[in-house]
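J.: Below is the sequence, then the predicted model.
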Amino acid sequence: MQHTDCADRVRNLGMYLQAALLQAQSNAYLSAFATLRTALEHMLVDHLVFSGARYIRVIRGVDDATWSEWQRKRAAAEEFTDVIDWVRKKTDVEITTEGLRSAPDDGGQSYIISPHYFLLREYQPYLGPASAQAEFDDGIGDLADDRKFAKENDHLYRTYLSWSSIKKNLLSNDFVDEKTITMIEVHYRFLSSFVHPIADVTEIVYGRNNSSVPSYDHYSSELVLLYVIVIAVEELNHFHEMAQRYPVVGIAGWSSTMDLCRSAWQLASHLWFPGHRPHRYDYIQEANTRAFRLLQEDSSGEVQREDPMSIPEDEVRYYRDPMRRLVALHGSFSEIMSGYSYISPWPRPDARFR
């Protein structure tokens, strides 16, 4: 059952990605990027649904005396034996525990089912806050119970399904590290700018010369395609990892699917999504940044040039703006102050004017 349900999640994400492609084909890039913001979060939540073995729950209002007693009981193995880790922040305690374990089969083997698998069934996004429940009173149910349920529903979201909680649970399950979270945040912020109508994003999509809108734009089209590829490949790989754990379930045609995923992932590598390596452009940008910093500290000094590719990969800083970087990848430059140059493998004459 859980494999079928998770396969449905993969299919649903596919529909979001297909919608983003159709929107891009219609030059509707604003809505395409907004759809991809949903798809990105969908993929990350699905990783927890498919393979999450741990989850973090929050208990509020824990005073000093209670916290000390809990620590004593845990140390003595009197209670909290299922706790993997916990941390207290003011009066809130974040407790990390294992997911739900299945009953053993005839051979005594069991497996963990992710708590997020059940949370997605429990949470009701349209329920509304406790304060609004009187507006939906049907005269049959108990209003106090409705308000209590609404509070519990809100607690589910804030504790397990909000963006901050998703990140915490990804870290808790060792699916990502802090550096990967920083990279994901770049794409989350960029795509979120198309979801919330609080900024003018037309120039992001069409550049400075945007007198004809909507119209085809190479860079927006490319970026949509890159996001569709990396999100789809990540989703398929996460589902395959889940299907290969006990109880193992085969995926029809996986060999050809895996080959396609590998090829697509490589073709999209210049996006430098988490899991990719920095592009040569990024090494040169890092070398330039270091040179500029040295000149700021000593304007009379001379920049000691080094091979940008000799910079350790983990020291190459990530970028802030996916669109601006993609445009720059299609241009070439020679920096006079540092002496570093970049020659684009995909030069486009319009990159300098965008």
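T.: All right, it came through fine. Here the structure is a predicted model, which means the values were calculated and not measured.

J.: Near residue 92, how many other residues are there?
T.: Residue 92: 12 surrounding residues under other CB atoms under 10 Å. Where you see a C-beta, it was placed from the backbone N, CA and C, and this is true even at glycine.

J.: which stretches of the protein aren't confidently modelled?
T.: Applying pLDDT under 70 to the chain flags the ranges 299-303.

J.: quick one, helices of it?
T.: Along the chain, the segments classed as helices by DSSP state H run 2-25, 29-51, 64-75, 115-122, 143-156, 163-172, 178-192, 202-206, 218-243, 254-267, 280-297, 322-329.

J.: Minimum distance to residue 311: which of the ones you listed has it?
T.: Residue 311 lies closest, by CB to CB, to one member of the helices of the chain: helix 280-297, at 5.6 Å.

J.: So for the closest one, what gets flagged as buried?
T.: Going by neighbour count (16 or more other CB atoms under 10 Å), the buried part of helix 280-297 is 281, 282, 283, 284, 285, 286, 287, 288, 290, 291.

J.: Deepest in the core, which of the helices of the chain is it.
T.: helix 29-51 (a mean of 23; mean count of other CB atoms under 10 Å).

J.: How far off centre is that helix?
T.: 8 Å (CA atoms, centre = their mean, to the nearest Å).

J.: And that helix, what does it pack against?
T.: Secondary-structure packing of helix 29-51 (3 or more CB pairs under 8 Å, 6 or more residues apart in numbering; DSSP states H and E): helix 2-25, helix 115-122, helix 163-172, helix 178-192, helix 202-206, helix 218-243.

J.: just the CA coordinates of that helix, formatted as PDB?
T.: C-alpha atoms of helix 29-51 as PDB (Å, rounded to 0.1, in the frame of the first residue of the first chain):
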ATOM      1  CA  TYR A  29       7.100  32.000 -17.400                       C
ATOM      2  CA  LEU A  30       5.800  33.800 -14.300                       C
ATOM      3  CA  SER A  31       3.300  31.000 -13.600                       C
ATOM      4  CA  ALA A  32       5.800  28.300 -14.700                       C
ATOM      5  CA  PHE A  33       8.300  29.400 -12.000                       C
ATOM      6  CA  ALA A  34       5.400  29.600  -9.400                       C
ATOM      7  CA  THR A  35       4.500  26.000 -10.300                       C
ATOM      8  CA  LEU A  36       8.100  25.000  -9.900                       C
ATOM      9  CA  ARG A  37       8.200  26.400  -6.400                       C
ATOM     10  CA  THR A  38       5.400  24.000  -5.500                       C
ATOM     11  CA  ALA A  39       7.200  21.200  -7.300                       C
ATOM     12  CA  LEU A  40      10.500  21.800  -5.400                       C
ATOM     13  CA  GLU A  41       8.700  21.700  -2.000                       C
ATOM     14  CA  HIS A  42       6.800  18.600  -3.200                       C
ATOM     15  CA  MET A  43      10.000  16.800  -4.000                       C
ATOM     16  CA  LEU A  44      11.600  17.600  -0.700                       C
ATOM     17  CA  VAL A  45       8.500  16.500   1.300                       C
ATOM     18  CA  ASP A  46       8.400  13.300  -0.700                       C
ATOM     19  CA  HIS A  47      11.900  12.500   0.300                       C
ATOM     20  CA  LEU A  48      10.700  12.500   3.900                       C
ATOM     21  CA  VAL A  49       7.500  10.600   3.000                       C
ATOM     22  CA  PHE A  50       9.500   7.900   1.100                       C
ATOM     23  CA  SER A  51      12.500   7.400   3.400                       C
END
